[in-house]
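Q: This is a predicted model, with the sequence first.
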Amino acid sequence: AQSVTQPDIHITVSEGASLELRCNYSYGATPYLFWYVQSPGQGLQLLLKYFSGDTLVQGIKGFEAEFKRSQSSFNLRKPSVHWSDAAEYFCAVGLSNTGKLIFGQGTTLQVKP
Amino acid sequence: DTEVTQTPKHLVMGMTNKKSLKCEQHMGHRAMYWYKQKAKKPPELMFVYSYEKLSINESVPSRFSPECPNSSLLNLHLHALQPEDSALYLCASSQGQGDGYTFGSGTRLTVV
């Protein structure tokens, strides 16, 4: 069965520090992978996506993610976190046969001044 | 226009009321979705419309009734809801599988 696991429920980093959010997926075919960010009470904003080609993808707001097929991972990174990055982050896999998105449970990012 | 617009932003309704949530996109996307999101949880898929036809219903209770009047509009009609249906209802659209979804900002629904 298809699934997405985000092992870290809550992460706290200091402003200016680097960030890595982990995501592991289970899907038999080549996955479509996405990272979304959600601020409180808001909808989800697409940060970046991967479905083929270069395994290091760049997104908006200075985020990047690396697809590692051997580890079934798609970790999100940012070199220097800003206070405005505090939010909920969701990793998702798109099912190629239906177009459905399967979301991970989310990681809450807190940024310390 | 690169947005998905949802109205209203907030809705309080009684358990005997009938109300509708509305969603609109003008990006020419062929697929539209309704998701339900409870606090501190990921979104849960409710319905998928593809080319204005209902393609997926995730066993949603009949008190939720979707409608797609045309390729730009998606409605969710609500009737006889329960307090546990209180949640953030998100609409999304997409052009293709690899594009990801564009989400609206949601309707915060409270059932009293």
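A: Okay, I see it. Numbers count the residues shown, from 1 in each chain, chains lettered A, B, ... in the order given.

Q: Might you enumerate the residues of chain A proximal to chain B?
A: A:32, A:34, A:36, A:41-46, A:49, A:51-52, A:90, A:94-96, A:98-101, A:103-106 (C-beta under 8 Å from any C-beta of the partner chain). Backbone N, C-alpha and C define where each C-beta goes, glycine included.

Q: Residues of chain B that sit close to chain A?
A: So far as C-beta under 8 Å from any C-beta goes, chain B lies against chain A at B:4, B:6, B:31, B:40-43, B:45, B:48, B:50, B:55-56, B:88, B:90, B:92, B:94, B:97-106, B:108.

Q: Kindly recompute the last result at 10 Å.
A: B:3-4, B:6, B:9-10, B:30-31, B:33, B:35, B:37, B:39-45, B:48, B:50, B:55-56, B:58, B:88, B:90-92, B:94, B:96-106, B:108 (C-beta under 10 Å from any C-beta of the partner chain).

Q: Need the phi and psi values for residue 16.
A: If you meant another chain, say so; for now it's chain A. phi 90, psi -20 (degrees, to the nearest 10).

Q: contacting residues for it?
A: Neighbour list for A:Gly16: A:79-83, A:111-113 [criterion: C-beta atoms under 10 Å, 6 or more residues apart in numbering or on different chains].

Q: and which of these is nearest to B:Leu81?
A: Of all these, A:Val111 has the smallest distance to B:Leu81: 36.8 Å, by C-beta to C-beta.

Q: Give me the neighbour count for that closest one.
A: 19 (other C-beta atoms under 10 Å in any protein chain shown).

Q: mind checking which helix or strand residue 93 is in?
A: Because you didn't say which chain, this covers chain A. Applying DSSP states H and E as the criterion places A:Val93 in strand A:87-94.

Q: hmm, I had chain B in mind actually
A: B:Ser93 belongs to strand B:87-94, assigned by DSSP H and E.

Q: Give me the mean pLDDT for the following helix or strand past that strand.
A: Next helix or strand after strand B:87-94 toward the C-terminus (DSSP H and E): strand B:102-103. Across strand B:102-103, pLDDT averages out at 94.

Q: just the angle between the helix or strand following strand B:102-103 and strand B:87-94, please?
A: Using DSSP H and E, the helix or strand that follows strand B:102-103 in sequence is strand B:107-111. Angle between the axes of strand B:107-111 and strand B:87-94 is 150 degrees (criterion: axes from the mean of the first three to the mean of the last three C-alpha atoms, to 10 degrees).

Q: So for strand B:107-111, what gets flagged as buried?
A: Under the neighbour-count criterion of 16 or more other C-beta atoms under 10 Å in any protein chain shown, strand B:107-111 has B:107-109, B:111 buried.

Q: Report the mean confidence score over that strand.
A: Average pLDDT, strand B:107-111: 97.

Q: what's it in contact with?
A: Here strand B:107-111 has contacts from A:41, B:6-15, B:17, B:19, B:21-23, B:36-37, B:76, B:78, B:80-91, using C-beta under 10 Å, 6+ apart.

Q: The residue most central in space within chain B: what secondary structure?
A: Geometric centre of chain B, nearest residue: B:Trp34, 3.2 Å, by C-alpha atoms, centre = their mean. What DSSP: H, G, I helix; E, B strand; the rest coil gives for B:Trp34 is strand.

Q: does it really touch B:His77, like I thought?
A: No - the criterion here is C-beta atoms under 10 Å, and B:Trp34 misses it with B:His77 at 11.0 Å.

Q: which neighbours do the two share?
A: B:21, B:64, B:66.
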